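1. task: produce atomic coordinates for the following.
(one chain, ligands or ions: 1)
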Amino acid sequence: MDLVVRIFLLVPVLIESRLASAEDFGYDGSIGPTYWGDRYQECRGKHQSPININVLRVKQVALPDISFVGFDDPIDNVHVTNNGHTVLIEVENEPHPRVSGGPLEGNYVFSQMHFHWGDNDTLGSEDKINHRSFPMELHMVFYKEEYKTVKNAVTHADGLTVLAFFYELDRHQHPAYDDITSALGNVTDPHSSVVMKKPFSFLNILPYDLRRYFTYRGSLTTPPCSEVVIWLDFEQPVRLTHDQIEVFRELRSASGKIRHNFRPIQPIGDRTVFYNIDSNYYTYNEIDDPDREPEWPQKRKGRNSASVTSSCITLIIIIEVLIAYVDKIHY
Ligand SMILES: [Zn+2]
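-> Next comes the predicted model:
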């Protein structure tokens, strides 16, 4: 074939592939997190995620218990998909698992879960705690039920909640992750998908303690970086072996292995991170600083001042009755 003809045939192909990659985002080079804001304005916002959580600066609160609905049901037809950025786990059958309570107003319906990881075990999580990174992080994404769809939910400030779980290393394998890691072997190529062989239960892959968590307002950690997420970062990590995490690093994007897919931390700005302690141990609001009411969240589980006042009045009446009774005996 004539060289000129070859070049003419090649040019449209090159332009097309360049446009395709320009529409995408990545974690390195000219499509890396530093440049996301060029194309997606909101990635330069003031309330972005992830953040570093400084535990000395969190505000302790005792929020109502979180209700996890459908988390211990075995779910069939669970799809595992490599979307070129991460691995997505999605459910088909209705009703989807849901969460409510904690800092949330209303019900949130499960949309998908996915993972973020790093090149090696010293990094990979998105949020950090006291500047500590974890080798991997799970995001369970839920949309507010009243907004009907994820697409509509991301147009509202309280549209999404993400339950985030950290991983740390253990010498022993976590058996509940075997089904996920064996599915990963079949989706190493980008835009490939499989259905999990066995029923899948959310609760099996989570840590034991679901009461202690950090919560703050932030954003999606991938473009378009919409600031619509109520984050709940659970304190107790899930424990996996190095080999179980290594399987994630074998997944491929169009440009090779996905060795890392975490966004660097963003400024916390004027935001407060709340830390929910186990409300079974604290029934009063004594853990709160009485001089400074938090701006969000508003809900508390502890007794309010009106009920404390009425308890005091009851106690005074009882004491007065007792005094009168003692006086009567005395005379
Ligand atoms: Zn994520």
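2. now the strands: where do they sit in the stretch 151-300 of the chain?
-> All strands of the stretch 151-300 of the chain, identified by DSSP state E, counting those that start in this stretch, fall at 160-169, 192-195, 213-218, 229-240, 252-253, 256-257, 274-276.
3. for residue 82, which non-adjacent residue is spatially closest?
-> residue 187 (4.1 Å; C-beta to C-beta, 6 or more residues apart in numbering). To be clear about C-beta, it is placed using only N, CA and C from the backbone, and glycine gets the same treatment.
4. surely the one you found touches residue 196?
-> No - using C-beta atoms under 8 Å, residue 187 makes no contact with residue 196, being 11.0 Å away.
5. overlap in contacts, these two.
-> residue 80 (C-beta atoms under 8 Å, 6 or more residues apart in numbering).
6. picking up where we left off before, possible to save the strands of the stretch 151-300 of the chain as TSV with mean pLDDT?
-> Formatted as TSV, the strands of the stretch 151-300 of the chain follow (pLDDT from 0 to 100):
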stretch	mean pLDDT
strand 160-169	98
strand 192-195	98
strand 213-218	98
strand 229-240	98
strand 252-253	95
strand 256-257	94
strand 274-276	98
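7. how about the ones you listed in TSV, adding distance to residue 148 and mean neighbour count?
-> Output for those, formatted as TSV (distance: least, C-beta to C-beta, whole Å; neighbours: other C-beta atoms under 10 Å):
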stretch	distance to residue 148	mean neighbour count
strand 160-169	13	22
strand 192-195	25	14
strand 213-218	22	22
strand 229-240	18	22
strand 252-253	32	18
strand 256-257	37	10
strand 274-276	28	22
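8. returning to that earlier point: from residue 200, how far out is the residue nearest to residue 82?
-> Using C-beta to C-beta, to the nearest Å, residue 187 is found at 15 Å from residue 200.
9. one more: residue 145?
-> 22 Å.
10. the two - which one has more neighbours?
-> Neighbours were counted for residue 145 and for residue 200 using other C-beta atoms under 10 Å; residue 200 has more, 21 against 14.
11. pretty sure that one contacts residue 73?
-> No - contact criterion C-beta under 8 Å: residue 200 and residue 73 do not qualify, at 9.6 Å.
12. can I get the helix or strand where residue 36 lies as PDB, trimmed to CA atoms?
-> Using DSSP states H and E, the element containing residue 36 is helix 36-39. Taking Å, rounded to 0.1, in the frame of the first residue of the first chain, the C-alpha atoms of helix 36-39 are listed here in PDB:
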ATOM      1  CA  TRP A  36      -9.300  16.400  36.500                       C
ATOM      2  CA  GLY A  37     -10.300  20.000  37.300                       C
ATOM      3  CA  ASP A  38      -9.500  21.100  33.800                       C
ATOM      4  CA  ARG A  39     -12.400  19.100  32.400                       C
END
